[in-house]
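can't give you the sequence, but here's the structure:
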């Protein structure tokens with residue numbers, strides 16, 4: 001690298017003074033999270049190239065790639081990538097690196113994406129966990145486990161979005177001094193408490209407990225537990241509704257459950273919403289529900305908390321880093337719809353305390369989930385990595 005190996009303190013400031021970096025950002029698809037990272041990177045002085053591994057049939061992000069970002073043309077569109085594709089992809093990726101000559105590669109998830117720069121021995125490599133890659137994918141089978149170890153052994157730095165992920169990575173022997181906890185955070189100018197009484201009146205359920213569910217309809221996010229728990233609570237207290245945003249691979253099962261239980265008037269499908277509209281839903285709702293079995297620092301959870309929407313979450317370690325049971329919100333036993341139902345009913349009986357819990361949730365989000373503050377950590381990592389090189 002052309003940067004001198006000076007003290008890392010204030011590294012990102014020195015980079016601005018000396019020269020801009022050429023960054024190769026690699027991701028699996030194009031999701032709202034990718035859009036957020038690319039938008040923030042496009043606003044820096046750095047030259048940013050974006051390599052996309054796959055193009056899913058289900059479109060995750062409708063917004064165009066931010067201006068100034070340079071998409072990499074390197075393979076035909078593919079919805080799936082098999083392990084047998086990687087020998088060829090390795091050669092293609094090597095050519096990309098030769099053509100772009102990046103100062104560093106920023107890649108994740110680990111097993112699918114960061115594997116490529118690891119295979120060609122590129123340095124410096126920043127491997128960024130997406131939560132599920134360490135918490136779930138690393139334990140799928142021998143191949144996934146081996147890929148995890150392979151990438152970590154060849155990474156120069158690692159970012160975790162929560163302490164739970166950090167501890168898992170340290171268990172692989174990764175040096176703690178080269179791990180940065182980096183909650184992705186939210187835009188607090190968009191996600192903040194607002195008076196949404198008008199929106200609530202438009203929804204039409206002002207007197208009911210209004211629950212909001214924004215997790216993808218996938219097995220890892222426990223959508224079946226969320227539905228069953230709501231159903232059990234509804235049978236004892238029908239004065240409640242649930243808004244289900246987004247979609248996922250379990251869409252048929254979700255809609256079939258709602259129809260079979262006669263819940264069409266109480267569980268409403270709202271589709272995907274842009275952030276500005278999504279924030280209004282959070283502010284109008286009483287409770288945010290996540291029954292996730294596997295997670296890092298959930299961006300959806302942070303969005304809800306920033307809006308003062310009280311979280312009700314499964315008691316997995318990463319959720320409990322954000323929600324203290326009975327303070328910022330409530331927790332229920334992971335995978336247990338009966339436990340969830342009990343908590344929903346408890347909340348419905350004490351709705352007068354929601355405002356107090358919502359204020360604590362908002363304070364926590366402002367303290368630890370500020371995207372602009374947290375993004376500065378990423379620029380600091382870039383500075384440290386190039387200085388080390």
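It's in. Just so we're clear, the structure is a prediction, and the values are computed from it rather than from any experiment.

Spell out the secondary structure type for residue 74.
Here residue 74 is recorded as coil under DSSP: H, G, I helix; E, B strand; the rest coil.

ok, it to residue 201 distance?
Applying C-beta to C-beta, to the nearest Å, the value for residue 74 to residue 201 is 51 Å. Placement of C-beta: from N, CA and C, glycine included.

So these two - more neighbours on which side?
Per other C-beta atoms under 10 Å, whichever of residue 74 and residue 201 has more neighbours is residue 74, with 14 against 11.

Just to check, the more buried one is in contact with residue 49?
No - in this structure, residue 74 is not within contact of residue 49 by C-beta atoms under 8 Å, at 10.3 Å.

What average pLDDT does the longest helix that the chain contains get?
Secondary structure of the chain per DSSP state H: the longest helix is helix 371-388. Regarding helix 371-388, the rounded mean pLDDT is 91.

Let me see the contact set for the spatially closest residue to residue 173 that is not a sequence neighbour.
Once flanking residues are discounted, residue 173 sits nearest to residue 152: 7.8 Å by C-beta to C-beta, 6 or more residues apart in numbering. Contacts for residue 152 (C-beta atoms under 8 Å, 6 or more residues apart in numbering) come out as 110, 127, 158, 169, 172, 173, 174.

neighbours of the first one, just the number please.
What it means is residue 110. 27.

so it makes contact with residue 132?
No - between residue 110 and residue 132 there is no contact under C-beta under 8 Å: 10.2 Å.

Can you name the element that comes right after the helix or strand harbouring residue 92?
Assigned by DSSP states H and E, residue 92 belongs to helix 86-100. Under the assignment DSSP H and E, the closest C-terminal helix or strand after helix 86-100 is strand 104-107.

From the rest of the structure, what touches the helix or strand following that next one?
With elements assigned by DSSP H and E, the helix or strand that comes after strand 104-107 is helix 115-119. Under the contact criterion C-beta under 8 Å, 6+ apart, helix 115-119 has outside partners 26, 53, 86, 89-90, 93, 97, 105, 107, 125, 127, 147, 150-151, 153-155.

For the helix holding residue 92, which outside residues touch it?
For helix 86-100, the surrounding residues in contact (C-beta under 8 Å, 6+ apart) are 22, 24, 49, 51, 72, 74-75, 81, 105, 115-117, 119-120, 122.

switch to 10 Å and redo it
Outside of helix 86-100, the residues within contact range by C-beta atoms under 10 Å, 6 or more residues apart in numbering are 22-24, 26, 47, 49, 51, 53, 70, 72-75, 78, 81, 85, 102, 105, 112, 115-122, 147.

Can you turn the buried part of those residues into a ChimeraX selection?
Written as a ChimeraX command, the selection of buried residues from the contacts of helix 86-100, which uses 16 or more other C-beta atoms under 10 Å, is:
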select :23,24,26,47,49,51,53,70,72,75,102,105,112,115,116,117,118,119,120,122,147
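
sec struct for residue 26, please.
Residue 26 ends up strand, using three-state DSSP.

Tell me if I'm right that it and residue 110 touch.
No - counting by C-beta atoms under 10 Å, residue 26 does not reach residue 110; the two are 11.2 Å apart.

That'll do, ta.
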